[in-house]
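Engineer: Okay, here's the prediction I keep looking at, along with the sequence it came from:
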Amino acid sequence: MNVTINDKDVQYLTTFQRERITKQVKEYAALSGLETLEIYKDLLIIGGAKKMNLFPMDKYKEASDWLDRMIASAQNEIDRKTKPSIKVQAATSAACSKCKELSTTLTHSRTKTNILLALLAASLVMQAWMYLTSDKAIAGTDAVSIDKKCHNDGKVYSIGSTVRMIDGSVKQCIGSASSDSMWETPIKAKR
């Protein structure tokens with residue numbers, strides 16, 4: 001905005017300049033602990049304005065430089081106060097060596113655990129493959145069930161058993177590995 005005061009053309013801060021000043025004021029307030037209102041009062045004195053909307057553009061550089069110096073000063077003060085003593089640094093470096101040692105141990109443990117998990121997964125895959133390629137898995141529905149027992153009168157008899165049938169005859173349960181078992185008349189042994 002341009003305003004003529006006493007035959008003098010006055011230009012005010014642009015939006016970009018206002019945003020830059022606002023950013024610097026917030027940074028300085030955070031570092032120094034001062035209220036932003038107090039900082040703006042000092043800026044108004046530097047610019048000779050009653051409000052920030054009427055801050056002259058020709059005073060922007062001076063105000064920005066002043067804020068940069070104040071921020072640097074506040075940062076140096078914080079750095080000076082928080083500089084650790086030599087004893088604290090020695091304790092910190094000793095603790096750091098313990099931390100590094102612990103970190104190394106944890107890294108090795110994690111690596112070993114990952115290797116063991118990989119081996120476990122590989123063994124499970126191998127077991128599954130071996131089961132799927134075994135006779136049990138292949139037999140499934142294609143295999144013919146061979147009955148190795150004989151049945152009579154609701155009872156189950158093993159191969160070699162002899163039973164008297166209802167009609168009075170004696171029968172023996174006979175079977176082989178390749179066929180079902182059945183009842184046959186036993187061959188009498190010669191004595």
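Structural biologist: It's in.

Engineer: measure the residue nearest the centre of the chain to residue 97 for me?
Structural biologist: Of all residues in the chain, the one closest to the mean position by CA atoms, centre = their mean is residue 110, 14.3 Å from it. Per CB to CB, to the nearest Å, residue 110 is found 20 Å from residue 97. To be clear about C-beta, it is placed using only N, CA and C from the backbone, and glycine gets the same treatment.

Engineer: what does residue 19 give?
Structural biologist: 47 Å.

Engineer: What of residue 24?
Structural biologist: 42 Å.

Engineer: neighbour-wise, which of the two wins?
Structural biologist: Neighbour count, other CB atoms under 10 Å: between residue 24 and residue 97, residue 24 has more, with 19 against 10.

Engineer: any residues touching the one helix or strand the more buried one maps to, and which ones?
Structural biologist: Assessed by DSSP states H and E, residue 24 sits inside helix 15-32. By CB atoms under 8 Å, 6 or more residues apart in numbering, the residues outside helix 15-32 that reach it are 13, 34-36, 39-40, 43, 52, 55, 57, 60, 63-64, 67-68, 70-71, 74-75, 78.

Engineer: Just give me the longest helix of the protein.
Structural biologist: Longest helix in the chain by number of residues (criterion: DSSP state H): helix 86-132.
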